[in-house]
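J.: I'd like to go over a predicted model; first the sequence, then the structure.
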Amino acid sequence: MKTLLDIFNSNLLCAGSVICCVSCQNLEEDEEPKLKYARLKGTLGEMLKKDNVSSFAVSDRFLALGTHGGIVHILDINGNDTRRFECHSATVHELCIDNTGEYVASASDDGKVVINNLYANETQVLNYKRPVRAVALEQDYSKRQSRQVVSGGMSESVCFVHKSMLVSLGTREVVLDSGEGPNYTVKWRQNYIAWANEAGVKIYDVSSRDLFRCNLCWRTDTTLLFGWADSVKVGMIKERSKIDVASGLPSKYVEITAQFRTDYSVSGIALLVEDFVILAYLTDFDDSQNVDSLPDAPVARKKAKPPEIHLHYQANDYHLQSLDTESPNDAAFYVVSPKDIVVARPRDLDDHIEWLVERRQYEQALLAAEEAGKAYAGRLQVANILEIGQKYLTTLIEEGRFSDAAALCPKILRTDATLWEHWIFVFARQKEVKTIKSFIPTDNPRLSITVYNMVLACFLNSDHETFLETVKEWPPELLISKDLTDETEKALSKQPNSPLLVEAAYEINVANKQYNLALIHGLKSRKPNILNFVKLHKLYSVIQNHVSLVIEYDEHMIDHGYYKIKLEKLGDGDLDDTLIRIRKLGFGRGLQIFVSNTDMLPVVTTVKQLVDYPRWLHVFLDAVFRKDPHEAAQFHPLQVALYAEYDYPALSNFLRVSTFYKLDDVPNAYNICEICDLVPEMVYLLGKMGNNRRALYMIIERLGDAIDFAKEQNDEDLWEDLIKYSMDKPKFIIGLLENLGSHIDPIRLIKRIPNNLEIPGLRSALIKIMTDYGIQLSLREGCEKILISATVELLENLYRAQKRGLSFSDGTLCAICEDHLTHEGINLTSRLIFFCRHVFQRDMLACFDGRQDPRNGEDTGKLSIPVNLNWRRGDTLSREVKKKAAHMCPICRNVA
């Protein structure tokens, strides 16, 4: 048996009477009940002090109550007496309300069935002379003309009466059943009338006049539930087969589809959706059962319990009536005893959540509230999502389930900043800040900066990895705190090599706009593009004292591919990996800041910091030298040793380009090259010191390219030494003959070759000399022809240009006196015209110094040759004018 309603007691109700809701499955003892209870109030209490309830009926608009005093009371749904009928002189055993709510029929021990109209002065009385225990009205009684009534009682007959029979009891009535003992109850639904007597339960089909066995509470139009003593059965009306009907059997029959026995007597039965609601009469109540009393005041109960009745009444003194509604949530069950009435209703969401909370099932309570959605607003104090959630969090923390508690915080605390701060401190006291870290809100709600600092301080003191992770995840505005910055720097001073602290310090200082510290920490933590801070925030003074850190940062960026440097920039030749790495470092962004800003970052200061890092010192000075060979000239002597050790291929170019050597610097450089056995550089330095002969012999002994050295030096004595050295060496003689070219006369060498000296390849060498000489002559002749042709062409162009005439208009003015040159009195031969088209009078031209601008008297410092002088032979122009006019135009000062 499935008991869905537990038990509650009352000082007014009889011991042993219980209402419960059952189904066919067994339940756990602690399962949530389906109904909740409240005592019916109003004027009912005062009324029952004078009389006892003997019967009860319910409709959707009012309640009907019969008493042992024979009175029928009409109550509203709150228990207030609205009307009364004193129509009986003995106990009223049963009431029936028609489904329209207009008529109430009552059956009494006085032998009468009285039908009262609630809205009109209409009363109908049926007198059977014997006590009547049951009465039922047909469906839609008020609307039908037939006005059929069925009743039964101690007369042992079930009587069926309709309107035509209501004139008097003397008229004919239809007896549906008799002789099987008293009839205690009757129910009517549609075409079926069911009643119970000592022989059992019978059903009468009004349409067919046949009898069937069934039960006492209609579940559907063809399914009836009934309980008898300690038995509950379900009967279904079914159609017989045509064969059975033809054999004379009724067309319909009742089949018992389910039945079970109970540990109590059934005082009433009703339906709640798919469950049975049974009013149980207990005869041997166990005090160990979980029973609560029903209090008078409307207080919040710890447990919802069904009613228990504790007066000495029998099972038949209790009644269960239900109100059929479309919605199960609106259903109502009225438990009636002689001295009290209790209303049972389906439990709602508040009751369900309360029940879960009482059993500390907070997770299910939260889930139930969430599934209800935003429309749900808990009406009970306990049924509040926030309150339930916090109780659940407390329980989880007490059980040590910190991860589950942290995961629930966003769902429970939502946007309440005060609650968030409270619970974060709760986790902090439990040393479980890391557990809740991922759920701490950083916006909506935004918590106090103190809370965020507390969380970060916990990680700073215990878990640097989580500290860095949190600093990166949180918005920068949450990191703006001088206390946080100071504490981080303090921790970093104790562990300066901690990469986690360094990177976290960088993020915090950036958020606090401490860019000087952020730059240092960013370099240490190898942040890409951190060097942009230098120019953006003018931090040249910061990196001035951290040169090695900047170059170390560059080296890391290059090694990990952050800097893309083209190999063409590194120079030609086959370079090994070490040299490539050194030359790439010279193009590092950090080092280039020092190279490009020597006005703010002096070279001397940088060199001092790199003294202990010779490789980086070489890279820096080499970068400066490539930018400007004059920038760091005072360190060129130092660079010789650096080039020799770290970039030997570039040493030769450096020695040739650099001219900043003092008298003592060249020998020192030579000594360095000699220690490193750098022969080409030693030869170059010997030549620079003027010791060409030693250089020559070193070349001959070590390199074998003495001829190129002699060509480079172009020293007559050096050639003489080379020729003397080669006279007994045929191989050298052939080399000289083939490579002399235009540096010395080949005949000079040939004349000095000893007689009888066998020289292999001499013939070929001589032929080559003759061939080269012929080629030289041919080239000279070709060049001469080209020059002559070009000269002639230029002379012809000049001649054609000077043959062109120059014109001027009547309004032409003298460029000096600004007088007209075409008026009468001025001889044409007195005009002087330059190819720049400036025109002068010869008399005016003789009046100024040839180096002055005739318009403003300024010294021009230049002379201009006239391109056309139009004077006749024998002209009287003074020699001074001719001299000046032959060299310059006083206006434009351009040489023709």
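T.: That came through, no problem.

J.: can you tell me which residues contact the residue nearest to Ala407 when sequence neighbours are not counted?
T.: The shortest distance from Ala407 to any residue other than its chain neighbours is 6.8 Å, reached at Phe439 (Cβ to Cβ, 6 or more residues apart in numbering). Backbone N, C-alpha and C define where each C-beta goes, glycine included. With contact taken as Cβ atoms under 8 Å, 6 or more residues apart in numbering, Phe439 is in contact with 406-407, 409-410.

J.: what does Phe840 give?
T.: Applying Cβ under 8 Å, 6+ apart to Phe840 gives the contacts 814-816, 831-834, 885, 890.

J.: who does it bridge with?
T.: Residues in a beta bridge with Phe840, per DSSP bridges, are Leu832.

J.: where do the helices sit along the stretch 601-750 of the chain?
T.: Counting by DSSP state H, counting those that start in this stretch, the stretch 601-750 of the chain has these helices, from start to end: 603-609, 614-627, 636-646, 651-657, 665-675, 679-688, 692-698, 706-713, 716-726, 730-739, 746-751.

J.: How about the stretch 151-300 of the chain?
T.: Across the stretch 151-300 of the chain, reading from the start of the chain, the helices by DSSP H, counting those that start in this stretch fall at 242-246.

J.: before we move on, what about the stretch 451-600 of the chain?
T.: With DSSP H, counting those that start in this stretch as the criterion, the stretch 451-600 of the chain has helices spanning 464-473, 482-494, 499-511, 515-524, 532-536, 540-543, 547-559, 577-585, 589-596.

J.: Need the contact partners of the fifth one.
T.: So the one you mean is helix 532-536. Under Cβ under 8 Å, 6+ apart, the answer for helix 532-536 is 515, 518-519, 522, 539-540, 542-543, 593.

J.: what's the answer for the third one, then?
T.: The set of residues external to helix 499-511 that reach it, using Cβ under 8 Å, 6+ apart, is 464-465, 467-468, 471-472, 476-477, 479-480, 484-485, 488-489, 491-492, 495, 515, 517-518, 521-522, 524-525, 527.

J.: Any quick PyMOL command for the buried ones out of these?
T.: Restricted to buried positions by 16 or more other Cβ atoms under 10 Å, the PyMOL selection for those reads:
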select buried, resi 464+467+468+471+479+484+485+488+489+491+492+515+517+518+521+522+524+525+527
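
J.: How about Thr415: what's its closest non-neighbour residue?
T.: What sits nearest to Thr415 in space, not counting adjacent residues and going by Cβ to Cβ, 6+ apart, is Pro445, at 4.9 Å.

J.: Among the contacts of Phe840, show me the least confident.
T.: In terms of pLDDT, the lowest of the contacts of Phe840 is Ala885, showing 49.

J.: Quick check: the nearest residue to Val839 once chain neighbours are set aside vs Gly101, distance?
T.: What sits nearest to Val839 in space, not counting adjacent residues and going by Cβ to Cβ, 6+ apart, is Ile833, at 5.1 Å. The spacing between Ile833 and Gly101, counted by Cβ to Cβ, to the nearest Å, is 137 Å.

J.: circling back: for the residue nearest to Thr415, list the residues it contacts.
T.: Counting by Cβ under 8 Å, 6+ apart, Pro445 has contacts 415-417, 420.

J.: do Ile341 as well
T.: Contact criterion Cβ under 8 Å, 6+ apart gives 39-40, 44, 53, 56, 63, 65, 79, 334-335 as the residues in contact with Ile341.

J.: Which one of those is nearest to Gln148?
T.: Taking Cβ to Cβ as the measure, Gln148 lies nearest Phe56 of the contacts of Ile341, at 23.2 Å.

J.: tell me which residues in the strand or helix carrying the closest one are buried?
T.: When elements are assigned from DSSP states H and E, Phe56 belongs to strand 53-58. Neighbour-count burial for strand 53-58, counted by 16+ other Cβ under 10 Å, picks out 53-58.

J.: Can I get it as CSV, trimmed to CA atoms?
T.: Taking C-alpha atoms only, strand 53-58 is exported to CSV below (Å, rounded to 0.1, in the frame of the first residue of the first chain):
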residue,chain,number,x,y,z
VAL,A,53,-21.8,16.7,12.3
SER,A,54,-23.5,13.6,11.0
SER,A,55,-23.2,14.1,7.2
PHE,A,56,-21.4,16.4,4.7
ALA,A,57,-21.5,17.3,1.0
VAL,A,58,-19.5,19.7,-1.1
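
J.: Run through the helices of the stretch 751-896 of the chain in chain order.
T.: Using DSSP H, counting those that start in this stretch, helices in the stretch 751-896 of the chain cover 762-803, 842-845, 879-885.

J.: Format those as TSV; extra columns: mean neighbour count.
T.: Putting the helices of the stretch 751-896 of the chain into TSV (neighbours: other Cβ atoms under 10 Å) gives the following:
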stretch	mean neighbour count
helix 762-803	11
helix 842-845	20
helix 879-885	16
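
J.: Which of the ones you listed comes out lowest on mean pLDDT?
T.: If you rank the helices of the stretch 751-896 of the chain by mean pLDDT, helix 879-885 sits at the bottom with a mean of 50.

J.: so who does the closest residue to Leu500 other than its chain neighbours touch?
T.: Excluding the flanking residues, the one nearest Leu500 by Cβ to Cβ, 6+ apart is His464, at 4.1 Å. Contacts for His464 (Cβ under 8 Å, 6+ apart) come out as 498, 500-501, 504.

J.: Out of those residues, which is nearest to Ser151?
T.: Relative to Ser151, and with distances defined as Cβ to Cβ, the nearest of the contacts of His464 is Ala504, at 92.2 Å.

J.: Report how many residues lie close to the closest one.
T.: Using other Cβ atoms under 10 Å, Ala504 has 28 neighbouring residues.

J.: Please determine how far it is located from Trp474.
T.: The value you get for Ala504 to Trp474, if Cβ to Cβ is used, is 11 Å.

J.: thinking again about what came up before, would you reformat the helices of the stretch 751-896 of the chain as TSV and include distance to Ser231?
T.: Below are the helices of the stretch 751-896 of the chain laid out as TSV (distance: least, Cβ to Cβ, whole Å):
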stretch	distance to Ser231
helix 762-803	139
helix 842-845	154
helix 879-885	154
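
J.: and of the ones you listed, who's closest to Tyr281?
T.: The closest approach between Tyr281 and any of the helices of the stretch 751-896 of the chain, judged by Cβ to Cβ, belongs to helix 762-803 at 142.2 Å.

J.: In terms of secondary structure, what does that closest one contact?
T.: Judged by 3 or more Cβ pairs under 8 Å, 6 or more residues apart in numbering; DSSP states H and E, helix 762-803 is in contact with helix 730-739.

J.: can you rerun that using 10 Å?
T.: Contacts defined by 3 or more Cβ pairs under 10 Å, 6 or more residues apart in numbering; DSSP states H and E place helix 762-803 against helix 730-739, helix 746-751.

J.: dump the residue contacts of the closest residue to Arg589 other than its chain neighbours.
T.: Closest residue to Arg589 apart from its sequence neighbours, by Cβ to Cβ, 6+ apart: Leu531 at 5.2 Å. Contacts of Leu531 were listed using Cβ atoms under 10 Å, 6 or more residues apart in numbering, and they are 519, 522-523, 539, 543, 550, 553-554, 557, 588-590, 592-593.

J.: And Trp474, by the same measure?
T.: Trp474 sits in contact with 437, 440, 442-443, 452, 455-456, 507, 511, where contact means Cβ under 10 Å, 6+ apart.
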